[in-house]
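J.: sequence first, predicted model second:
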Amino acid sequence: MKIAITGHTKGIGRAIAAKAQTLGHTIVGLSRSNGFDISDTEKVFNEIKKCDAFVNNAYMPVYQTKLLELVLNNWKRNNLATVINISSKLSYLEPPYRNLPADYIEDKKQQNKLMHQFSILGTPRILNVVLGIVDTDMTAHWNVEKMKTHAVADTIFNTLTMTNPLVQEIVFDVPYFNWKAVNTTKEQ
Ligand SMILES: NC(=O)c1ccc[n+]([C@@H]2O[C@H](COP(=O)([O-])OP(=O)(O)OC[C@H]3O[C@@H](n4cnc5c(N)ncnc54)[C@H](OP(=O)(O)O)[C@@H]3O)[C@@H](O)[C@H]2O)c1
């Protein structure tokens, strides 16, 4: 498959890109460092349209969700295309979001909602990946146990090889991690 992935240069995106390449897929990496900022939605979307699959990984307020919506609608009746969205378990929390980023949580809730809407339609093939804390630059300030990026990538591709049943959403987390406790403490 030809797989477009935003945020392929670091963290979870880099691990997904590396795993995909070892499996023989062709990667179209779209990050700011190679000239693709997801806020330039049209430019990024034009590259995604030429691919068979899209991993919606790079986070930017509003734009990650906007890009997801565009791609899902473009592939609405395409049963050969795949959309993988990288969501967050923070989206399971309800307000008040004490020390947690409300805009980020609301963006991820909106992404879940879009993915659920398309899971009902059946096409394109979708996989919503709801993650707990992963060891990347984004979480460098969190002094807690974290999942490893390569383990996340391996699990995603293990799921993707299944065709019947078709898994449309997966949730992974660090064992016994209490998110309610995170939402009540001041500093991590
Ligand atoms: N880390 C976690 O614990 C965690 C948990 C749940 C969900 N997630 C989700 O996982 C995804 C990836 O997070 P991460 O932790 O792997 O982040 P990261 O390590 O900070 O990497 C971010 C990647 O996105 C790219 N990027 C950032 N802004 C961009 C933009 N405007 N346009 C294009 N590319 C951009 C960066 O490359 P350039 O600098 O070259 O642009 C980099 O490759 C996000 O959607 C995040 O919400 C992460």
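T.: All right, it came through fine.
J.: which regions of this structure sit below the pLDDT cut-off?
T.: Within the chain, the ranges that satisfy pLDDT under 70 run 185-188.
J.: apply 50 and report the result again.
T.: Along the chain, the model assigns pLDDT under 50 to residues 187-188.
J.: quick check: residues of it near the ligand?
T.: 6-13, 31-33, 36-39, 57-60, 86, 88, 131, 133-134, 136-139 (C-beta under 6 Å from any ligand atom). The way it works is simple: take the backbone N, C-alpha and C, and place the C-beta from them, glycine included.
J.: okay, and which of these map to helices?
T.: 11-13 (DSSP state H).
J.: mind putting these into TSV with neighbour count?
T.: TSV is the format used below for those (neighbours: other C-beta atoms under 10 Å):
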residue	neighbour count
11	21
12	27
13	25
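J.: let's have the residues you listed in TSV, adding distance to residue 156.
T.: Formatted as TSV, these follow (distance: C-beta to C-beta, whole Å):
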residue	distance to residue 156
11	14
12	9
13	11
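J.: which one of these is nearest to the ligand?
T.: Ranked by distance to the ligand (C-beta to the nearest ligand atom), these are led by residue 11 at 2.3 Å.
J.: just to revisit the earlier point, just the buried residues of the residues of the chain next to the ligand.
T.: 6-8, 10-13, 31, 36-38, 57-60, 86, 88, 131, 133-134, 136 (16 or more other C-beta atoms under 10 Å).
J.: any idea what the residue most central in space within the chain is bridged to?
T.: The residue lying closest to the centre of the chain (C-alpha atoms, centre = their mean) is residue 86, at 1.2 Å. Per DSSP bridges, residues listed as beta-bridge partners of residue 86: residue 129.
J.: for this protein, which segments count as strands?
T.: Assigned by DSSP state E, the strands in the chain fall at 2-6, 26-30, 53-56, 82-88, 125-131, 169-172.
J.: what's the neighbour count on the closest residue to residue 103 other than its chain neighbours?
T.: Sequence neighbours aside, residue 61 is the residue nearest to residue 103 in space, at 5.4 Å (criterion: C-beta to C-beta, 6 or more residues apart in numbering). Look at residue 61: counted by other C-beta atoms under 10 Å, it has 12 neighbours.
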